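Asks: coords please:
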Amino acid sequence: MTDDVIVRPKGRRNNAADSDAPVVKAGPAPQPQEETASAPETGRKSALGGIGSSIPFGKRREEDRKGTWGDSGYRATDDQAHRDVAYGIPSFMKQTWIVFMVQMKLFSKQKWTYFMLFVALLIPIVYFAGHNLLTSMLSGFGFVTEYSNTFIAGMLAFLPLLLGLFTSVMCGTQLPNEFKERTAYMNVSLPLDRRSFYLGKYLAGFIMSLAVFMFAYGMAIATAMSRYDAIFADLLSSSLALTIVGVFAYSATAFCIGSFMRRGSSLIPFILMSVAIPMVCTLVFAVYEYTGPDLSWLFYLPCFLGEAALGILGAPMSGSAGMVVIPYMDLTNIGINLAVGIVWGAAFLLLGMFKTMRREM
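Replies: Just a heads-up that it's a prediction; the model follows:
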């Protein structure tokens, strides 16, 4: 049964005056219909309520996958997909090289690196700025400036002092700063051998220190070549060998001391190697020089390698704490100095590595 619904204009009263108003028939009134929601094609009603119809199941899911990446037709070779690549931890040498290169990049951003290079550049600058005054000063301290090698030794008079200072700065603060700034914890937590971490850091400091002193030798030789015609290459090569071993011994000692410290300090290894040990040995030798045993063997210690490098060039003294020991050193056989320096450096390097391997994080 259907009824017509009469719609009257809204806002007007239903009275006799409205009998003339048009009547609009809207047709049969809508009847409520029963909900006939059909179940999914699988015949199962979704347990997720209203959103169940939006999640595909069964056959509908398979139909939705058609035309996707699964049927794109793309094929990759073994090389393109890297199926034949075997991934593994880098070797010991590779890890050491990576740590070395990272530390060298850090050195390139430090002000001390450029300061040391500037000190080496001061050698020709000071000479050409006042060579007459410099020659007079060297002659006053006993340097025979008639010989090129002695003149080179005079230009490098502060080599023993700077040997301890520069190596302490380059090698004495690396490991402590790594743990102080918490950067070591990001490295040792990786599958990184601690020996590679230790040796890579040390090699960077050793190479950087050695490069600075070799640059200083080059500046001194170039300055001498502008004044003299000949240079004694055999004595100069012996002096270079003593300096290289001295850099190794000093840097290994500073690096070892740094591995035992929680906070980096370049002052402690510098005072130890350039001030304390040379002064003690010099005083002990002076006390027993005439009334006791011969203690000249004390001057074979690596802390006197800088003095030996200058003494073999003919320098009577040096600008360091051991300035007066050069005349008492036996420089006829520098093999002992080299051997003692190498053993000293290797022993301290191994001691520092042992401490780093057992250090708690």
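Asks: Is A230 in a helix, a strand, or coil?
Replies: Taken by DSSP: H, G, I helix; E, B strand; the rest coil, the conformation at A230 corresponds to coil.
Asks: Can you give me the distance of it to T243?
Replies: 21 Å (C-beta to C-beta, to the nearest Å). Yep, even glycine has a C-beta here, placed from its N, CA and C like the rest.
Asks: In terms of neighbours, single out the busier of these two.
Replies: Neighbour count, other C-beta atoms under 10 Å: between A230 and T243, T243 has more, with 24 against 10.
Asks: Dihedrals phi and psi, that one?
Replies: phi -70, psi -40 (degrees, to the nearest 10).
Asks: Skip the chain neighbours and tell me the closest residue to it.
Replies: A309 (4.8 Å; C-beta to C-beta, 6 or more residues apart in numbering).
Asks: what about that neighbour, helix or strand, and which?
Replies: Element membership for A309 (DSSP states H and E) is helix 305-311.
Asks: for that helix, what is the average pLDDT?
Replies: Helix 305-311 carries an average pLDDT of 92.
Asks: can you count the residues close to L240?
Replies: Residues within reach of L240, counting by other C-beta under 10 Å, total 15.
Asks: quick check, it in a helix?
Replies: Yes - looking at L240 with three-state DSSP, it is inside a helix.
Asks: Quick check: I152 touching M219?
Replies: No - shown here, I152 and M219 do not form a contact pair, counting by C-beta atoms under 8 Å, at 10.0 Å.
Asks: Compare neighbour counts for these two and give me the winner.
Replies: I152 (27 against 20).
Asks: Any regions of this protein where pLDDT drops low?
Replies: Residues of the chain meeting the criterion pLDDT under 70: 1-74, 82-83, 184-185, 187-190, 264, 360-361.
Asks: State the distance from the residue nearest to the spatial centre of the chain to E178.
Replies: Centroid-nearest residue in the chain: Q103, 2.3 Å away (criterion: C-alpha atoms, centre = their mean). As for Q103, its distance to E178 is 10 Å (criterion: C-beta to C-beta).
Asks: what's the overlap in contacts for those two?
Replies: The contact sets of Q103 and E178 overlap at K201 (C-beta atoms under 8 Å, 6 or more residues apart in numbering).
Asks: that older thread, tell me the helices and strands packed up against the helix holding A309.
Replies: helix 159-171, helix 233-259, helix 335-357 (3 or more C-beta pairs under 8 Å, 6 or more residues apart in numbering; DSSP states H and E).
Asks: CA atoms only: put that helix into PDB for me.
Replies: This file holds the C-alpha atoms of helix 305-311, laid out as PDB (Å, rounded to 0.1, in the frame of the first residue of the first chain):
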ATOM      1  CA  LEU A 305     119.300  10.400  20.100                       C
ATOM      2  CA  GLY A 306     118.700  14.000  19.100                       C
ATOM      3  CA  GLU A 307     122.100  15.100  20.600                       C
ATOM      4  CA  ALA A 308     123.700  12.200  18.800                       C
ATOM      5  CA  ALA A 309     122.200  13.300  15.500                       C
ATOM      6  CA  LEU A 310     123.700  16.800  16.000                       C
ATOM      7  CA  GLY A 311     127.000  15.500  17.400                       C
END
